[in-house]
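S.K.: Could you look at this predicted model? Sequence included:
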Amino acid sequence: MHSIICATRGGVGSRAVEFAAIERAKKTGQALVFLYVIDTGGYGDLDDMMRPALRDELLWMGKTLLRIAERRAKAANLTAEIVIREGYAREEISQYAATTQAAVLMLGAPRFTTANIFGDDEIERFARSIRQSTGIPVEIIRAEGGSIPVEEP
Amino acid sequence: MESTLSAVQEGGLIQQEIGFVLLLTIAAIVAIVIRRVRFPYTVALVLVGLVLSFFPNVLSLDVSSELILAVLVPPLIFEATLHIKWRELREDLPLVLFLAVGGTLVSTFIVGILVFQFLDIPLIGALAFGALISATDPVAVIAFFRRLGVSKRLSILMEGESLLNDGVAIVIFSLALNAATVAAVSGTDAVDFSLSTAILEFFRVSMGGLGIGLVLGYVVSYVVLKNVDDHLIETATTVALAFGAYVLGERLHVSGILAVVAAGLMVGNIGSQNTSPTTQLTLENFWEFMAFVANSLVFLLIGLEILVAQLIVFAVPIAVAVFAVLLSRAMTVYSFTGLHNQFVSNGRAVPRPYQHVMFWGGLRGAISLALVLTLGNNLFGSTIAQELRVMTFGVVLFTILFQGLSIERLIERLGLALRSEHTLENQRRQAMAYAKRAGRRELDRLRDEGILYREIWEAMRSVYDDELNDATRRLGKHLEAYPELEREMYLQARADVLKAERSAISDAASRGFITDEVYDELVRRANQQMAALELITEQTLSPHPAKTRDESHA
């Protein structure tokens, strides 16, 4: 059965997107997967000792975040699968959604008022590119509530 | 005859030692008292020094200018450089250099010209003042940054600028004094000034100093720190390096201070990586102590040099100096960062709020005071030398008292304090739940020990249970409203557990469970984990983070 994939990294929109994914899984009965990607690429030039340490720390954080999401699902009487991948986050999310033929990919959007430098446009562009390349429906959940369905360009 | 002379010298030495011991004792007492009240330590030291100046016989110290420059300044500079990480500095190096070199030169001339125009001070003396007062000292501001969670980039910009402009200011100051000495020897008022010669001399002195520091720092980092595994020998070597770089630089007629800067950068970035965690810790503690002593002595000494009445006598020169310093700082910060922003992408531009903090946070401190203390009475006459001392003291006091005490509010108003009201509210609610739990545990202990009558315990416990449930519920609600705090909470907890892990490793070593070799390996790994977590924390908390590749999902 096709599953709902919820990508999380513990940002501002994580809580909202996790609960939205749980809600959808309860309604549709589809399997729920929480996905976290270890991506050290955005941390600039790191020396040979720092990169593995950073990878380990991101892994630790990912495990914790996924367990929080898993517990949230459990509290709603759902069993969720947790997946950790490593690489370029956008590619990994896109690839995972494609190979598992996901029913839908759910992403969280930062609240407009936060300091996150990415505006919603950035996420929408990312979501549209996945929608275009994989054909998988993508939904963006806002931190303050409400969703943005992503149409094919 | 000889024995009489040595006895006299010995007596002088003992007198100096007594003075030194007294100063350190006073500094320690001030530091202890200041921990209980929210007041800048350095200002307290100056005020104590001012009070002591009423009793000149109590502390009769003969402090020469050589002693201040050669003994007190190198530790201040060396300690500051140890914390500057090249990885962080290099991204903004062009701007830091621009501000430190160009900014200090421009500031020297603006202040010098204004002081020369409005006060009865010779041009060369005014330029020497302009140079010494252009050295910024943002230590107090950086402490606020850490507390308020201000971006690391702003810290690096200000710390990097301060570090290099100390060196540049000292070079310009020395050049001005040399020019004044030449003028005094030749018996003319006018100085034979050639801009091209001065620029060439400036570069010769600066590059020569940096070169010597880099070579010595390289040798110590790669030869001694890498191959010798003894924290005492390694620390002693860094002491020899800090003072040796200064002395060699001065002997070769280049900048001893810039030699110390370069040597410190080498040790802080390469040398410390080649040492064991034990040595790293020893180096950190030792140099922190050295800087504390040097800083305390400089601030006390300036307090001793100034008489309170002179602050009133020289009120106008102080006001002119403060005005000149603020004007020059505003002109250099806004124009230089503005120019920089024209040539870089948006991601590397310096945002306007940063510029405001860089302007108002440009405090003056120990280096300015140390330099002005080196001004003897021979060069400009005792009246002008004293006027310059009081002006410097007035500017430092103004910047520490008015700018230092208002910078926190400015940072908050500019929205740069990332530990926002939400975070503080979260901390309040966390602390409330934490305190209630501790209270309930104590209540249970009282019951277990038979001190509390069961019926009273039951009643008190039920009240505690209600309060604890309420505190936990309120904390949960707050986290629901501000989910970003979950990540902050995670990062804080993770930092705490990593520290606990490192302490456990030290504990295992001290109990003899593990060998020194295993200890070093494990602590090094734990330090790497903590550094990695710091990177993640910076990325999370920074208002203007480097654009990461994985930020486009929740």
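M.R.: Nice, thanks for sending it over.

S.K.: May I ask you to confirm that B:Ile318 is in contact with B:Met391?
M.R.: Yes: with contact defined as CB atoms under 8 Å, B:Ile318 counts as touching B:Met391 (5.6 Å). C-beta here means a position set from N, CA and C on the backbone, and glycine is covered the same way.

S.K.: Pick out whichever of those two has more residues nearby.
M.R.: B:Met391 (25 against 22; other CB atoms under 10 Å in any protein chain shown).

S.K.: Can you tell me the closest non-neighbouring residue to the more buried one?
M.R.: Spatial nearest neighbour of B:Met391, chain neighbours left out: B:Ala321 (4.3 Å); criterion: CB to CB, 6 or more residues apart in numbering or on different chains.

S.K.: now B:Tyr41
M.R.: In space, and not counting its chain neighbours, B:Tyr41 is closest to B:Ile34: 5.0 Å by CB to CB, 6+ apart.

S.K.: swap in B:Thr181?
M.R.: B:Leu379 (6.7 Å).

S.K.: Kindly report the same for A:Ile82.
M.R.: A:Leu66 (4.1 Å).

S.K.: contacting residues for the one you found?
M.R.: A:Leu66 is in contact with A:Thr8, A:Phe34, A:Tyr36, A:Ile82, A:Val83, A:Ile84, counting by CB atoms under 8 Å, 6 or more residues apart in numbering or on different chains.

S.K.: Restricted to helices, list these.
M.R.: Judged by DSSP state H, helices contain none of these.

S.K.: and which of those residues is nearest to chain B?
M.R.: Using CB to the nearest CB, A:Thr8 is the member of the contacts of A:Leu66 that sits closest to chain B, with 5.7 Å.

S.K.: do you know how far the residue nearest to B:Tyr41 is from chain A?
M.R.: B:Ile34 is 34 Å from chain A, where distance means CB to the nearest CB, to the nearest Å.

S.K.: Could you do B:Ser368 as well?
M.R.: Counting by CB to the nearest CB - B:Ser368 and chain A are separated by 35 Å.

S.K.: any idea of the pLDDT on that residue?
M.R.: Model confidence at B:Ser368, given as pLDDT, is 88.

S.K.: Where does it fall, secondary structure wise?
M.R.: Using DSSP states H and E, B:Ser368 sits in helix B:366-373.

S.K.: List the buried residues for the helix or strand following that helix?
M.R.: The first helix or strand that comes after helix B:366-373 along the chain, using DSSP H and E, is helix B:377-380. Residues B:Leu379, B:Phe380 are the ones in helix B:377-380 that count as buried (16 or more other CB atoms under 10 Å in any protein chain shown).

S.K.: Are there helices or strands packed against helix B:377-380, and which ones?
M.R.: helix B:152-186, helix B:382-398 (3 or more CB pairs under 8 Å, 6 or more residues apart in numbering or on different chains; DSSP states H and E).

S.K.: Worst mean pLDDT among the ones you listed?
M.R.: Mean pLDDT is lowest for helix B:152-186 among the helices and strands packed on helix B:377-380, at a mean of 83.

S.K.: all strands in chain A, in order from the N-terminus.
M.R.: Secondary structure of chain A (DSSP state E): strands located at A:3-7, A:31-38, A:80-86, A:104-109, A:138-142, A:147-150.

S.K.: most tightly surrounded among the ones you listed?
M.R.: Mean neighbours per residue, mean count of other CB atoms under 10 Å in any protein chain shown, is largest over the strands of chain A for strand A:104-109, with a mean of 27.

S.K.: quick one: it to chain centroid distance?
M.R.: 6 Å (CA atoms, centre = their mean, to the nearest Å).

S.K.: Starting from that strand, tell me which strands it pairs with and how they run.
M.R.: Here strand A:104-109 has these sheet partners by DSSP bridges: strand A:3-7 (parallel), strand A:138-142 (parallel).

S.K.: Would you tell me what helix or strand B:Gln280 is located in?
M.R.: Per DSSP H and E, B:Gln280 falls inside helix B:277-305.

S.K.: For that helix, name the packing helices and strands.
M.R.: So helix B:277-305, by 3+ CB pairs under 8 Å, 6+ apart, packs with helix B:2-34, helix B:41-52, helix B:73-82, helix B:231-251, helix B:366-373, helix B:382-398, helix B:516-541.

S.K.: Pull out the buried residues from it.
M.R.: So, applying 16+ other CB under 10 Å, buried residues of helix B:277-305: B:277-280, B:282-283, B:286-287, B:290-305.

S.K.: Do I have it right that B:Arg474 meets B:Gln430?
M.R.: No: here B:Arg474 lies out of contact with B:Gln430, judged by CB under 8 Å, at a distance of 10.2 Å.

S.K.: ok, so what distance separates the closest residue to chain B within chain A from A:Ala16?
M.R.: Residue nearest to chain B within chain A: A:Gly108 (2.2 Å; CB to the nearest CB). Per CB to CB, to the nearest Å, A:Gly108 is found 6 Å from A:Ala16.
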